[in-house]
Every structure is written in C-alpha cells, then in structure tokens.
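**Student:** sequence first, then the predicted structure:
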Amino acid sequence: MAFVNYLSQNLAWLMSEKRLSANQLGRNLQMPAITIHKLKSGEQKNPTVETLHPIATYFDVTIHELMCDNLKLRNKPHTGKTNVIPMITWEDVLSWSPDKLVSNAIKFISTDYPSSEQTYCFVHNHDNTSIFEKGALLIVDALLKPQNRDYVIVTHKQNGSASIKKVIIDDEVFLQSLNVDLNNTITFNYDDYLVIGVIVGYIKYFRNV
C-alpha cells in the first residue's frame, strides 16, 4: 500500500469539527492564514515540523496522526488495519524522534504491527549477522521495555555508536553480539549503555523497497 498523506484532509475535517476558518485558526496559532489555506488545500505537501507542531498540539493529535492517519475514520471499527510508519536510515537511528517525521523519513511503509508514534523502520545493511539478512527491513518500537531474548538497538554513551544486540536476562542483564565474527556477551551496564528501541518486526523484501 502506498503512503497517503492525509494532512489536507485531516486539517479540513478538524477545522470543520471546531467550525474554524483559516483566519480564525491562524489567529489562534499566531500563524499566517495563507499557511493554513495552503495546508488545507494540499498546495503545501511538505511542511516543516515547526509548522505542524502547533497545529497538532492545538487539535490534540500527534504529528504522525495529522500526517498519516485518516482522523475522520480513526474511531470507527476497522478489521485488518494496516499502519503506516516512517522509514529512516541507520545513521538517523540515534537522533530519531517523531518530531523529525517530515525531515528524516525517506518514505513510509505499511505494516500490520500496532504501531505508535515512536515506531519506525530501517534497512539492515550489515551482512555479518546470522539473524537478520542484509537488505531486510527492521521495525523498531522505541516505547517498549526490553524483555528476555529481545533484539534491541543500544547506544554506547561514551562514543555515541549504535548497534543491535540480543538481551539475555539471567539474574543479571547481558547484551549478546549478533556479529558472527565476535559472538561475545557483555554485562549490561546502565552507565555505559542505553537501549533506544526494541526490534518488533522483520520484513524480507526480494526487491528494493
């Protein structure tokens, strides 16, 4: 399923629910009415986070919901729902936040994982692991707390590097390397390491996504 940008449709619906004109919403947000007009009409297709954030806050939705969900239908029962999540690069994993949705997303991918605004995916480009094939798409949820045998993304606080590890919980918490050349296990030290996401899904494509 191709990504659908619902921004103009959602903004029109939210404004109609509150019976707001572009001039009124602009005054409430201290934003030019012409900006509201362009967003509502779809003329502005790639607004900045600085523009989207006050609108999302005003209507009590997330930027992800404002951009990616059909808000008019979100409260209606829907079976077999697919969610749309942003795909970012591995280099952007360390700095990922939902506020960077517009600027950092390469594209958007549909998935049946019950995603949150803290869910994203990236292409696994390393070929030295026996778990994830090179070129596979890994789905990450940054809100989950790691459990035993989870695969996680951890960052080393001193050098700022990120890597994928397997969590082993047995009295203590250990991090196991996925690198087949190393195959080492270290004790998880909260002073040295920080878990920034749990890998919750794995999609293998036979063509480039």
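**Tutor:** Yes, it's here. Every value quoted in this text rests on a predicted model; they were computed, and no experiment measured them.

**Student:** contacting residues for P86?
**Tutor:** By C-beta atoms under 8 Å, 6 or more residues apart in numbering, the contact set of P86 is H64, L101, N104, A105, I106, K107, F108, I109, Y120, C121. Bear in mind the C-beta positions are built from the backbone N, C-alpha and C, glycine included.

**Student:** take those and keep only those in strands.
**Tutor:** By the criterion of DSSP state E, membership of those in strands covers K107, F108, I109, Y120, C121.

**Student:** what about the first one, how many neighbours?
**Tutor:** As a burial measure, the neighbour count of K107 was computed by other C-beta atoms under 10 Å and equals 11.

**Student:** bridged to it, which residues?
**Tutor:** M87 (DSSP bridges).

**Student:** domains of the chain?
**Tutor:** Domain segmentation of the chain under automatic domain parsing yields 7-68, 83-203.

**Student:** now for the protein, the helix or strand with the poorest mean pLDDT.
**Tutor:** Lowest on mean pLDDT, DSSP states H and E among the helices and strands of the chain sits helix 101-104, with a mean of 60.

**Student:** lowest mean pLDDT across the domains of the chain, which one is that?
**Tutor:** In terms of average pLDDT, domain 83-203 trails the rest of these, at a mean of 84.

**Student:** picking up where we left off before, just the closest of the contacts of P86 to D191, please.
**Tutor:** Nearest to D191 among these is Y120, at 26.8 Å by C-beta to C-beta.

**Student:** go ahead and confirm that closest one touches V140.
**Tutor:** Yes - using C-beta atoms under 8 Å, Y120 makes contact with V140 at a distance of 5.7 Å.

**Student:** which one of those two has more residues nearby?
**Tutor:** A count of neighbours by other C-beta under 10 Å puts Y120 above the other of Y120 and V140, at 28 against 24.
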